[in-house]
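A.B. asks: next come a sequence and a model predicted from it.
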Amino acid sequence: QVHLVESGGGLVQTGGSLRLSCAASGLALSSYVMGWFRQAPGKEREFVAAIVRYGGSTYYSETVKGRFTISTNNAKNTVVLQMNGLKPEDTAIYYCAATTSSRNTTPNAYDYWGQGTQVTVSS
């Protein structure tokens, strides 16, 4: 059974940093595309970043490119999202997800989801 568990969310001031982690069990990161999505109140879930089969290609939304970095810790089977230069508009629940599909920016392409972690950026 696959489980994805996010951690690391919290409250931070504008310009601050947070490091989100997603611990994966029941699947091997080497076989999946791992993604981060976020959803703000009243808005649709949106793509943030993805990494292909650990250590492979990475993809970012234009809104986070240059500020966020996705990586994997293969020894811990964990996906990390380092978020720097946070802005109030980054406030959302952040979700980790896994897919075997190449359409890695589309929420519907993902098979497994974590429960989410809240990120709040104060102005």
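C.D. replies: Yep, that arrived. Remember, it's a predicted structure, so these values are computed and weren't measured experimentally.
A.B. asks: all contacts plus neighbour counts: C-alpha atoms, from now on.
C.D. replies: OK.
A.B. asks: which residues touch residue 22?
C.D. replies: Contacts here follow C-alpha atoms under 8 Å, 6 or more residues apart in numbering; on that basis residue 22 touches 4, 5, 6, 7, 78, 79, 80, 96.
A.B. asks: also residue 91?
C.D. replies: For residue 91, the set of contacting residues under the criterion of C-alpha under 8 Å, 6+ apart consists of 40, 118, 119, 120, 121.
A.B. asks: got the buried residues for stretch 106-123?
C.D. replies: When neighbours are counted by 16 or more other C-alpha atoms under 10 Å, the buried residues of stretch 106-123 are found to be 107, 110, 113, 114, 116, 117, 118, 119, 120, 121, 122.
A.B. asks: just the ones of the residues you listed in strands?
C.D. replies: Among these, the residues falling in strands (DSSP state E) are 113, 117, 118, 119, 120, 121, 122.
A.B. asks: show me the residue at the heart of this structure, geometrically.
C.D. replies: Within the chain, one residue has its C-alpha closest to the average C-alpha position: by C-alpha atoms, centre = their mean, that is residue 36, at 2.3 Å.
A.B. asks: pretty sure that residue sits against residue 47.
C.D. replies: Yes - using C-alpha atoms under 8 Å, residue 36 is in contact with residue 47, at 6.6 Å.
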